[in-house]
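Q: need a structure here:
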Amino acid sequence: PSPWSGFYRLGKQTWALAHVSQFAQPGWRFIDQASGYLGGNRANGSFVTLRSGTDYSLVAETAATTVPHTINVTVSNGLSTGAVHVWSTDLNSGSQFVRLADLVPSNGRYTLTLQPGRIYSLTTTTGQGKGTATSPSRQDLPLPYSDNFDSYPVNTMARYVADMQGSFEVRPCLGGRGGRCLQQVAPVEPILWQGGSDAYTLAGDPAWRDYTVSVDVNLQQAGVAKLIGRANTQARPQTKQASYELRVSDTGAWSIAKRDTTATVTTLTSGTVAALGLNRWHTIALDLRGSTITARIDGTAVGTVQDSSFATGQVGLGVVGYQTNQYDNLTVTPN
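A: Okay, here's the model as predicted:
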């Protein structure tokens, strides 16, 4: 959640994957006769077995069960009858990827009682375990923050920028400007598997509070460009993004709007300046200080409004629709 700090955490899914990835390698094969449902009933859980040579690994899960289940294992067909190493993850607690006592088969047979809500790996192999690395502490992304997008290869994404809809890529600047810019390059709405939204991208730290976000914008087609501030909770689909928006049109119409997690957009204030036109660069800014929100176009304050709905959040760039606008010189300064 804070890639600038290097912080990371390992969730249960990490160790669920490890119950397979640390117990089998490419080239291992499943044993169909030793895979299925525990007791023949899906409600009890499931298991799979893989082998390589005489080694084998059996992975069982009781994720949805509420009572213990005892398994009886018989080893045959050339598989090792040596000691079996047992690892377990409790999906309902912090006890993850723990080595349990070994099992020693007797005449190729052994028994193990599987507790509910667990993943188990039983193996004749060794070498499993957790690493010793520790995460750096989580830190906020410090302000001021800026990016002129000149340092990235063309057709790539910019650092700390996350597309919510559309596709924002680094491209050569247009409109007589040298260097590189961030451009929304999807000219039409994509085929959707859920409700759609305007094309927009978010950047920065959700913990940012009082700041001024500014960006240069070049409108490539008639329409509305958006500068987003205090982007916080997002419901699905992406159009339900709580935030403030400065909306500017090529005609010179502008507004400060509030969007909530029901996708309701409320215009807080609006007005008109001289037409911005197309393929011309303009600087737009959104100043957020407590409940005071001020919009600026080319350095001139055009409107101020009071609203206390959102206290913190990321910044963002977008369009109303799918115009291929360009953005440059994104800056976020503390207030």
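Q: so Gly39 sits in a strand?
A: No. Assessed with DSSP: H, G, I helix; E, B strand; the rest coil, Gly39 is helix; it does not lie in a strand.
Q: strands along the stretch 151-300 of the chain, start to end?
A: Counting by DSSP state E, counting those that start in this stretch, the stretch 151-300 of the chain has strands at residues 161-165, 168-172, 180-184, 200-203, 211-218, 224-231, 243-249, 253-259, 265-272, 281-289, 292-297, 300-306.
Q: pLDDT below threshold where in the stretch 101-250 of the chain?
A: The model of the stretch 101-250 of the chain has no residue with pLDDT under 70.
Q: hmm, back to that, possible to save the strands of the stretch 151-300 of the chain as TSV with distance to Val84 and mean neighbour count?
A: In this view, the C-beta of every residue, glycine as well, is placed from N, C-alpha and C. TSV is the format used below for those (distance: least, C-beta to C-beta, whole Å; neighbours: other C-beta atoms under 10 Å):
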stretch	distance to Val84	mean neighbour count
strand 161-165	45	19
strand 168-172	52	20
strand 180-184	55	24
strand 200-203	49	23
strand 211-218	58	23
strand 224-231	52	24
strand 243-249	55	24
strand 253-259	57	20
strand 265-272	61	14
strand 281-289	60	19
strand 292-297	64	20
strand 300-306	68	14
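Q: what residue of the protein is the furthest out?
A: Asn107 (50.3 Å; C-alpha atoms, centre = their mean).
Q: next, work out how far apart it and Val73 are.
A: Note on Asn107: its distance to Val73, by C-beta to C-beta, to the nearest Å, is 12 Å.
Q: which of the three states applies to Ala16?
A: Look at Ala16: counting by three-state DSSP, its state is helix.
Q: quick one: it and Ile119 touch, right?
A: Yes. Shown here, Ala16 and Ile119 form a contact pair, counting by C-beta atoms under 8 Å, at 5.8 Å.
Q: just to revisit the earlier point, phi and psi next, for the residue farthest from the centre of the chain.
A: phi 60, psi 40 (degrees, to the nearest 10).
Q: which residues in the stretch 51-200 of the chain form helices?
A: Taking DSSP state H, counting those that start in this stretch to define them, one finds no helices in the stretch 51-200 of the chain.
Q: overlap of the contact sets of Ala16 and Ile119?
A: Residues touching both Ala16 and Ile119 (C-beta atoms under 8 Å, 6 or more residues apart in numbering) are 89, 91.
Q: which one of those two has more residues nearby?
A: Ile119 (25 against 18; other C-beta atoms under 10 Å).
Q: tell me how far the ends of stretch 105-122 are from each other?
A: End-to-end distance for stretch 105-122, by C-alpha to C-alpha, to the nearest Å: 12 Å.
Q: nearest residue to Ala34 other than its sequence neighbours?
A: Closest residue to Ala34 apart from its sequence neighbours, by C-beta to C-beta, 6 or more residues apart in numbering: Thr49 at 3.7 Å.
Q: before we move on, what about Thr156?
A: Distances taken as C-beta to C-beta, 6+ apart place Val170 nearest to Thr156, at 5.4 Å, with adjacent residues excluded.
Q: the one you found and Ile284, how far apart?
A: 20 Å.
Q: compute the number of surrounding residues for Tyr37.
A: Residues near Tyr37, counting by other C-beta under 10 Å, number 12.
Q: correct me, but it touches Ala60?
A: No. Assessed by C-beta under 8 Å, Tyr37 is found out of contact with Ala60, at 10.4 Å.
Q: now do the shared contacts for the two.
A: Joint contacts of Tyr37 and Ala60 (C-beta under 8 Å, 6+ apart) are 45-47.
Q: can you give me the strands in the stretch 1-150 of the chain?
A: Under DSSP E, counting those that start in this stretch, the stretch 1-150 of the chain gives strands at 29-30, 36-37, 46-52, 55-61, 69-74, 84-90, 98-103, 109-114, 118-123, 145-147.
Q: to Gly303, which of these lies closest?
A: Gly303 sits nearest to strand 145-147 of all the strands of the stretch 1-150 of the chain, at 24.6 Å, using C-beta to C-beta.
Q: and the closest one, what does it pack onto?
A: Applying 3 or more C-beta pairs under 8 Å, 6 or more residues apart in numbering; DSSP states H and E, one finds that strand 145-147 contacts strand 326-334.
Q: can you check what angle separates the strand it packs on from strand 224-231?
A: For strand 326-334 against strand 224-231, the angle by axes from the mean of the first three to the mean of the last three C-alpha atoms, to 10 degrees is 30 degrees.
Q: buried set for strand 326-334?
A: Buried residues in strand 326-334, counting neighbours by 16 or more other C-beta atoms under 10 Å, are found at 326-332.
Q: would you turn those residues into TSV with pLDDT?
A: Shown next, in TSV, are these (pLDDT from 0 to 100):
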residue	pLDDT
Gln326	98
Tyr327	98
Asp328	98
Asn329	98
Leu330	98
Thr331	98
Val332	98
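Q: list just the nearest of those to Thr261.
A: Nearest to Thr261 among those, with distances taken as C-beta to C-beta, is Val332, at 23.2 Å.
Q: tell me the spacing between the nearest residue to the closest one once chain neighbours are set aside and Ser35.
A: In space, and not counting its chain neighbours, Val332 is closest to Tyr145: 4.5 Å by C-beta to C-beta, 6+ apart. Distance of Tyr145 to Ser35, computed by C-beta to C-beta: 52 Å.
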